[in-house]
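> Below are the sequence and a predicted model for it; my questions follow.
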Amino acid sequence: MIRFTNVVKTYDNGTTAVADLSFTAPTGKITVLVGPSGCGKTTTLRMVNRLIEQSSGAILLGDEDNAKMDTIRMRRKIGYVIQNAGLFPHQTVLDNVCAVPYLIGTDKQTARIRAADLLELVGLDREYASRYPWQLSGGQQQRVGVARALAADPPFMLMDEPFSAVDPIVRKQLQSEFLRIQADLAKTIIMVTHDIDEALRLGDQIVVLKEGGILAQIGSPAEILANPADRFVADFLGESRGYHALSFEHIASLAPQQTPVAQIGESVAAAEGAWIVACDELGSPLGWTRVTAGAASGERLVLATTVSHGQGNYRELLDAALASPNGQAILVDDRGRYLGTLGSEVVVRGAVTSLEAERSA
Ligand SMILES: Nc1ncnc2c1ncn2[C@@H]1O[C@H](COP(=O)(O)OP(=O)(O)OP(=O)(O)O)[C@@H](O)[C@H]1O
């Protein structure tokens, strides 16, 4: 476990990068820090291995306060992976992976055998061991970076945008391989990304930060998708186009719920104050309205986008559900007529199933 308790970081120029941050990264799990540029993700990560010293508060590594640990001993417990891998350019791949074991006095033979195994684990053939970093692709360099971070078998790993410097296809491969490795090794990981898709795909837990290093929300991918804590989180999920990770599968197999529908002014059998669907005279939905005095009031009509039951996908459905006032997406047939609604919990269940299927693929 890595535990932040009331951690603050104010830089010398007065910028508060992290404000009173408390959260726990559970043992053996991946915690992902996400948020817009400048919200303090990297500062948060680098305080864990004390590349940056916090101004106040405490960070525990297991049951040890990192501020009280000898720096060298502490850093040996923490693998560190950065963007562009940060490999030593004048050392071979094998020597890069052996760097920490050599430093801590592991004998050469043992270190090299383990490094070769790790290269295999991250999907690199033996022939790469004697190459130099510049003779590898970006994706291969990232793999070496991961192997190097694992070399001393640290219980903790910090990963700062580890997969961001490679193209989307390679990135997805690296993410899948990383999940496969983590399933065996169960390291306690904190990872930074600005990419919500990556966070949803890799995170057991997601920590959403807003500017000033303020905790906006913490939860599992499903919790955050289902219940964004506020407008900021909802917008961040949307703006980051965070639903790539969701299946583009069609939703035709889901049975819509029969939320009452009425034209404005028409009486309707629904509870007073309930949200119902307002439609035009042809039965095409306009949006949401509340029931007032037993009728579709039309007051404060919330216009809604609709989703085609036959053609729409989970992603459109979740967008529509999150944007609606009551967490429901409105479904229509192929002529735009009202069919029913689907709640975000159904959408999230579908999305999570598809995420889980992807994770275990
Ligand atoms: N050494 C420094 N001195 C002063 N201010 C800094 C320093 N390093 C970072 N900051 C400021 O602290 C805030 C948080 O920066 P940080 O790099 O932690 O954010 P981030 O979320 O990782 O950003 P990005 O996604 O763009 O990498 C920013 O406003 C940044 O300008």
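Perfect, I can see it now. Numbers count the residues shown, from 1 in each chain.
> Which strand or helix spans the single nearest residue of the stretch 151-300 of the chain relative to the ligand?
The ligand sits closest to residue 194 of the stretch 151-300 of the chain, with a gap of 4.9 Å, by Cβ to the nearest ligand atom. Every residue, glycine included, has its C-beta placed from N, CA and C. Secondary structure assignment for residue 194, by DSSP states H and E: no helix or strand.
> Please determine how far it is located from residue 32.
In this structure, residue 194 and residue 32 are 11 Å apart, going by Cβ to Cβ, to the nearest Å.
> what do you get for residue 322?
20 Å.
> Pick out whichever of these two has more residues nearby.
Shown here are residue 322 and residue 32; by other Cβ atoms under 10 Å, residue 32 has more neighbours (26 against 20).
> how about the nearest residue to that one, chain neighbours excluded?
residue 203 (3.7 Å; Cβ to Cβ, 6 or more residues apart in numbering).
> So residue 194 sits against residue 36, correct?
Yes. Under the criterion of Cβ atoms under 8 Å, residue 194 makes contact with residue 36 at 7.3 Å.
> so where is the stretch 251-361 of the chain shaky, pLDDT-wise?
Along the stretch 251-361 of the chain, the model assigns pLDDT under 70 to residues 347, 350-361.
> and if you look at the stretch 101-250 of the chain?
In the stretch 101-250 of the chain (pLDDT under 70), the answer is 165, 239-249.
> beta partners for residue 3?
Judged by DSSP bridges, the bridge partners of residue 3 are residue 24, residue 60.
> Now do the contacts for it.
23, 24, 25, 58, 59, 60 (Cβ atoms under 8 Å, 6 or more residues apart in numbering).
> Apply 10 Å and report the result again.
By Cβ atoms under 10 Å, 6 or more residues apart in numbering, residue 3 lies in contact with 22, 23, 24, 25, 26, 58, 59, 60, 61, 62, 63, 65.
> Any of those buried? List them.
In the contacts of residue 3, burial by neighbour count holds for 23, 25, 59, 61, counting by 16 or more other Cβ atoms under 10 Å.
> Could you single out the nearest of those to residue 300?
Residue 300 lies nearest to residue 23 out of the buried ones among the contacts of residue 3, by Cβ to Cβ, at 37.3 Å.
> Can you give me the distance of that closest one to the ligand?
Distance of residue 23 to the ligand, given as Cβ to the nearest ligand atom, to the nearest Å: 15 Å.
> so that residue touches residue 213, yeah?
No. With contacts defined as Cβ atoms under 10 Å, residue 23 does not count as touching residue 213, sitting 11.4 Å away.
> so is residue 340 in a helix, a strand, or just coil?
Each residue gets one of three states, and residue 340 gets strand by DSSP: H, G, I helix; E, B strand; the rest coil.
> Hmm, it is touching residue 309, no?
Yes. Residue 340 is in contact with residue 309 according to Cβ under 10 Å; the separation is 8.2 Å.
> Can you list phi and psi of the closest residue to residue 52 other than its chain neighbours for me?
The shortest distance from residue 52 to any non-neighbouring residue, by Cβ to Cβ, 6+ apart, is to residue 46 (4.3 Å). Here is the backbone geometry of residue 46 (degrees, to the nearest 10): phi -70, psi -10.
> what about residue 46, how many neighbours?
The tally of other residues near residue 46 (other Cβ under 10 Å) stands at 19.
> which ones are touching it?
Here residue 46 is in contact with 9, 52, 53, 54, 80, 82, 158, 160, 192 (Cβ under 10 Å, 6+ apart).
> if I pick the residue nearest to residue 32, what's in contact with it?
Contacts of residue 203 were listed using Cβ under 10 Å, 6+ apart, and they are 29-34, 189, 191, 193, 196, 219-221, 224.
> Swap in 7 Å and give it another go.
By Cβ atoms under 7 Å, 6 or more residues apart in numbering, the contact list for residue 203 reads 30, 31, 32, 221.
> looking at those residues, which has the most residues close by?
Ranked by the number of neighbours (other Cβ under 10 Å), the contacts of residue 203 place residue 32 first, at 26 neighbours.
> Bridged to it, which residues?
Taking DSSP bridges as the rule, residue 32 bridges to residue 191, residue 206.
> didn't it look like it was pressed against residue 191?
Yes. Between residue 32 and residue 191 there is a contact under Cβ atoms under 7 Å: 5.0 Å.
> circling back: which pair in the contacts of residue 46 spans the largest distance?
Across the contacts of residue 46, the longest distance by Cβ to Cβ is 19.8 Å; it joins 54 and 82.
> which of the two has more neighbours?
A direct count of neighbours by other Cβ under 10 Å for residue 54 and residue 82 places residue 54 higher, at 23 against 20.
> For residue 221, which non-adjacent residue is spatially closest?
Residue nearest to residue 221 in three dimensions, not counting chain neighbours: residue 200, with 4.5 Å by Cβ to Cβ, 6+ apart.
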